[in-house]
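Undergrad: Task: produce atomic coordinates for the following.
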Amino acid sequence: MIFPKKLLVLSNRGLESVPPNVLATVPTLDELYLDGNLLENVTPLAKAIDHLHVLNLYGNRLKEAPFANVKIDELYLGRNQLTKQGLAKLFPTLTKKLYLSNNQITDDGLDAIVQGLKNNHTVSHLSLHHNKIKTIQPLIDILDTTSISSLDLQGNLIDDESAQALSNTRVWDIDLSDNLLTNALGQKIFLKI
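TA: Residues are numbered from 1 along each chain as shown. This is a model prediction of the structure:
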């Protein structure tokens, strides 16, 4: 017998905090969508989400995601205001798919992510698209020691040299489109390895 997934969608409701009745409901859910709200603090939620398959917090005002040691299959934290310190608190989240797009993450923020990934063997898909990442060598240095098989870096500031170094990793799906890549003629190109 197949049971339907239990989900709660509270997207785009202008929520500034997670309502207490939602916190009480979370343990019975498979998926929770709180995207497009005004949430700045989700610490109370962190204690109740250990069994969720999907948690979508895209488009809020989060500076940190205190989900260390929480197991979530898919965690969407794009379009927030995650700081370097906030990114460091995210690990060692036991997440298979981690979406950190549109957070204005710079090389310093990437360093925090790399430190978290060093001892994390659950992330298989990492999305860092549309940030401000330029130097990816620290990420390249650890990729082969992680479980990452899919890496989305589109829309950053990555150049040809870094892109070439990525091609020498065991990651089989890398999206580098809309970066600072050029071909031999100096024309901008889009690349998906």
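
Undergrad: Assign a three-state SS to the closest residue to residue 121 other than its chain neighbours, would you?
TA: Leaving out its chain neighbours, the residue that sits closest to residue 121 by CB to CB, 6 or more residues apart in numbering is residue 147, at 5.0 Å. Yep, even glycine has a C-beta here, placed from its N, CA and C like the rest. Residue 147 falls in the coil class when you classify it by DSSP: H, G, I helix; E, B strand; the rest coil.

Undergrad: Confirm for me that residue 147 is in contact with residue 125.
TA: No - taking contacts as CB atoms under 8 Å, residue 147 lies outside contact range of residue 125: 9.6 Å.

Undergrad: With neighbour numbers in mind, choose between the two.
TA: More crowded of residue 147 and residue 125, by other CB atoms under 10 Å: residue 125, with 17 against 13.

Undergrad: if I pick the more buried one, what's in contact with it?
TA: 96-98, 148-152 (CB atoms under 8 Å, 6 or more residues apart in numbering).

Undergrad: Report the separation between the nearest residue to residue 179 once chain neighbours are set aside and residue 168.
TA: Spatial nearest neighbour of residue 179, excluding adjacent residues (CB to CB, 6+ apart): residue 158 at 4.2 Å. Residue 158 sits 15 Å away from residue 168, taking CB to CB, to the nearest Å as the criterion.

Undergrad: Compare these two (neighbour count), which wins?
TA: residue 158 (22 against 10).

Undergrad: State the phi and psi torsions of that one.
TA: phi -80, psi 140 (degrees, to the nearest 10).

Undergrad: From residue 131, how far out is it?
TA: 10 Å.

Undergrad: could you pull out the helices for the protein?
TA: 20-25, 43-46, 84-90, 107-117, 137-143, 160-166 (DSSP state H).

Undergrad: Run a quick neighbour tally on residue 49.
TA: Per other CB under 10 Å, the neighbour tally for residue 49 reads 19.

Undergrad: need the contact list for it.
TA: Counted by CB under 8 Å, 6+ apart, residue 49 has contacts 26, 32, 55, 67, 70, 72.

Undergrad: what does the model give the second one for pLDDT?
TA: Here the pLDDT value assigned to residue 32 is 96.

Undergrad: now the third one
TA: If you check residue 55, the pLDDT there is 95.

Undergrad: Ok, the last one next?
TA: Here, the pLDDT recorded for residue 72 equals 89.

Undergrad: list the contacts for residue 93?
TA: Residue 93 touches 65, 67-70, 72, 75, 116, 120, counting by CB under 8 Å, 6+ apart.

Undergrad: any idea how far residue 113 is from residue 180?
TA: From residue 180 to residue 113 the distance is 20 Å (CB to CB).
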